[in-house]
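Novice: Sharing a sequence plus its predicted fold:
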Amino acid sequence: MNQLDHIVIAADSLQQGVEYLQAKLGVKIAKGGVHKTMSTHNLVMQLANDAYLEVIAIDPTAPPPRHPRWFGLDEAAMRTSLKQRPRLVTWVMNTTDLRQLAGAVDFDIGKPTALSRDQLKWEIALTEDGRLLGGGMLPYCIQWHSKPHPSQAMADLGCILHALTIYHNRPYWIAEKLDAIDAGHLVQIEALENDEAPYLTADIETPNGLVTLT
């Protein structure tokens, strides 16, 4: 069965991400690693149940990649927004057969692409232009080829993801797309008015109580 793998917080810099989560969650997120293929780097922490939180930013020490970075990080609107504060931009679903999934759905979830770092190996479906799927409301899809799940080696800072909620002005459309990739059970969907912009929220239990990231 498909599982929620992680939520993605995009930041202008990793230091900005550290300060943001320290203010919001009351914890200091641990180091992560470098993605040479994408010229990005990250910070990670457990959220229990084989899920985790990732803070990702463009690596200023890396040369620009020959292709768009993932998670919409090269888009001008995204970079301008991240100058103000980090954002919960999307989420990632863990699946057991990414290539079968990509071939079975009637919309583009991206091309399965093999990546690795240190002892970790995985495939992730990536769009050619680096865009967020459904404006970030639909998940990137990943298949891990290393065990145990990488979250097991991440810092446990006492935070647990309780719910991920999509607020959307086309809730039935979102539900249809999520059901097509067997992801409808992983999130909650709430309806918005037609003139309201979609957004995500993550309810996280922290050492200081329940906090909502958006």
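Specialist: Received it, and whenever you're ready, just let me know what you need.

Novice: residues of the longest helix along the chain that come out buried?
Specialist: Across the chain, the helix with the greatest residue count (assigned by DSSP state H) is helix 14-25. Residues of helix 14-25 classed as buried by neighbour count (16 or more other Cβ atoms under 10 Å): L14, Q16, G17, V18, Y20, L21, K24, L25. Quick note: C-beta positions are derived from backbone N, CA and C, even for glycine.

Novice: now do stretch 84-102
Specialist: For stretch 84-102, burial by neighbour count (16+ other Cβ under 10 Å) applies to 86-95, 98, 101-102.

Novice: before we move on, back to that, follow the chain on from the longest helix of the chain and name the next helix or strand.
Specialist: Per DSSP states H and E, helix 14-25 leads on to strand 30-35 as the next helix or strand towards the C-terminus.

Novice: Run the angle between the next helix or strand after that following strand and strand 30-35 for me.
Specialist: Past strand 30-35, further along toward the C-terminus, the next helix or strand under DSSP H and E is strand 40-46. Angular relation of strand 40-46 and strand 30-35 on a 0 to 180 degree scale: 140 degrees, by axes from the mean of the first three to the mean of the last three Cα atoms, to 10 degrees.

Novice: And the next helix or strand past strand 40-46?
Specialist: strand 52-58.

Novice: Quick one: residues in contact with the helix or strand hosting T212.
Specialist: Element membership of T212 [criterion: DSSP H and E] is strand 209-213. Outside strand 209-213, the residues within contact range by Cβ atoms under 8 Å, 6 or more residues apart in numbering are I7, I9, K24, L25, L88, H162, T201, A202, D203, I204, E205.

Novice: where does the chain have its least confident helix or strand?
Specialist: Evaluated with mean pLDDT, DSSP states H and E, the helix-and-strand set of the chain has its lowest mean pLDDT in strand 30-35, which scores a mean of 88.

Novice: Tell me the strands beside that strand, with direction?
Specialist: Each strand paired with strand 30-35, and its direction, by DSSP bridges: strand 40-46 (antiparallel).

Novice: still on that earlier bit, export the strand holding T212 as CSV, just CAs?
Specialist: The C-alpha trace of strand 209-213 is given here as CSV (Å, rounded to 0.1, in the frame of the first residue of the first chain):
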residue,chain,number,x,y,z
GLY,A,209,1.9,21.0,21.6
LEU,A,210,0.1,20.8,18.3
VAL,A,211,1.4,23.1,15.5
THR,A,212,0.1,23.7,12.0
LEU,A,213,2.5,24.4,9.2
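
Novice: tell me which residues of it are tucked away?
Specialist: L213.

Novice: what angle do the longest helix of the chain and strand 209-213 make?
Specialist: Calculated by the same axes, to 10 degrees, helix 14-25 forms an angle of 130 degrees with strand 209-213.

Novice: Show me what helix 14-25 is packed up against.
Specialist: When contacts are defined as 3 or more Cβ pairs under 8 Å, 6 or more residues apart in numbering; DSSP states H and E, helix 14-25 sits against strand 3-10, strand 40-46, strand 52-58, strand 209-213.
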